[in-house]
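J.: how would this look folded up:
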Amino acid sequence: MEGLKKVAVICVLRQGSKFLLLKRFKEPNKDTYVPVGGKVDAYENPYDAALREVREEAGIVVPAMRLCGTLVETSPVKYNWMSFVYEAEIEIFTPPLCNEGILEWHDFQYIESFPTPKTDFFIYQYLLEKRPFAFNAVYDQNLHLLSMIEEFSQTQVV
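T.: Alright, predicted model coming up:
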């Protein structure tokens, strides 16, 4: 049904302040740098989906991932998501080829110098500060971010 949220996982792989990001080949977020992740399959729980997406996109098996927060994205068009955000601290490795995009390591201090979804900067910042979050992002019909609130503290971040 039109407008229903899709359930997804965002899998942040990092070593300190360096993040493994994927420059996406296709929508959503084509040509932007995002963490690996994807939709939760039917009959799959979010944790298992996170482990699967890391294995499929980054070519590695992580022993465990930590749930860090959520990101709910709402728009009046087809872009409507409920994402569980997981994190794993891993060793830096040479990323494999990925059919979803190009995997590259990037340091947080340079994140704002290349294209990423506006929501992601705050996700990385909260992860580095070890702060849990429940972000609620609202977009207009052109998918411009209108507002984002962190619901635990009721803080407007955008």
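
J.: when you work out contacts or count neighbours from here on, use the C-alpha atoms and nothing else.
T.: Fine.

J.: show me what residue 98 bridges to in the sheet.
T.: According to DSSP bridges, residue 101 are recorded as the beta-bridge partners of residue 98.

J.: do you know how far it is from residue 56?
T.: 8 Å (Cα to Cα, to the nearest Å).

J.: between the two, which contacts overlap?
T.: Common contact partners of residue 98 and residue 56 (Cα atoms under 8 Å, 6 or more residues apart in numbering): none.

J.: what's the end-to-end length of stretch 58-71?
T.: End residues of stretch 58-71 are separated by 22 Å (Cα to Cα).

J.: what does it rub up against?
T.: 36, 47, 50-51, 54-55, 81-88, 90, 95-96, 98, 103, 127, 131-137.

J.: now do 6 Å
T.: Stretch 58-71 is contacted from outside by 55, 83, 84, 85, 86, 87, 88, 132, 133, 134, 135, using Cα atoms under 6 Å, 6 or more residues apart in numbering.

J.: restricted to strands, list those residues.
T.: 83, 84, 85, 86, 87, 88, 133, 134, 135 (DSSP state E).

J.: quick one, strands of the chain?
T.: Under DSSP E, the chain gives strands at 6-15, 18-24, 33-34, 36-39, 66-74, 81-89, 101-107, 133-139, 145-150, 155-156.

J.: tell me the strands beside the last one, with direction?
T.: Read it as strand 155-156. Applying DSSP bridges to the sheet, strand 155-156 is found paired with strand 145-150 (antiparallel).
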